[in-house]
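*Asks:* can't give you the sequence, but here's the structure:
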């Protein structure tokens, strides 16, 4: 499990097995616990001081059980998985489409799953499906991401 700002270390054996698969068969997963500190840091980074992100009381007044993590904080965790595991260092994020189905709260443990849906060899690009669930199996977000694949010169 990783926190905001910590680098995840994929298991070398799993990473090596994935490299032997065609792009269309590759998947990646990560589990991250969202903390109040992560939300605080994202408030400062994004300048989004909306009451539901900074105050339990305000969030409860809007019908939430507590402070809500920013959707783009959750989205940034997807970006981290793309940049480190699938496709990894060679990935260049091109498009992100996420639908937020349920709120994410401080203390939630998110299970992020990516699967390559399509690979376009002619333009070296991947379409990945994204599924994010919390510790109770509740869907937090779903969507698609497009990543280019660049080779080192």
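*Replies:* In hand now; what should we look at? What you are looking at is a predicted structure, and each value in this text was computed from that prediction instead of being measured.
*Asks:* residue boundaries of the strands in the protein?
*Replies:* 27-33, 91-100, 109-120, 125-133, 139-149 (DSSP state E).
*Asks:* which one of the ones you listed lies nearest to residue 54?
*Replies:* Between residue 54 and the strands of the chain, the shortest gap by CB to CB is with strand 91-100, which sits at 18.4 Å. To be clear about C-beta, it is placed using only N, CA and C from the backbone, and glycine gets the same treatment.
*Asks:* now that closest one: average pLDDT?
*Replies:* pLDDT averaged over strand 91-100 equals 94, rounded to a whole number.
*Asks:* likewise stretch 58-76?
*Replies:* Confidence over stretch 58-76 (mean pLDDT, whole number) is 96.
*Asks:* same check, this time on stretch 38-47
*Replies:* When pLDDT is averaged along stretch 38-47, the result is 97.
*Asks:* list the buried residues in it.
*Replies:* 38, 39, 42, 43 (16 or more other CB atoms under 10 Å).
*Asks:* from the chain's centroid, how far away is that stretch?
*Replies:* Relative to its chain's centre, stretch 38-47 lies at 16 Å (CA atoms, centre = their mean, to the nearest Å).
*Asks:* that older thread, what's the most distant pair in the buried residues of stretch 38-47?
*Replies:* By the measure CB to CB, 38 and 43 form the most distant pair in the buried residues of stretch 38-47, at 9.8 Å.
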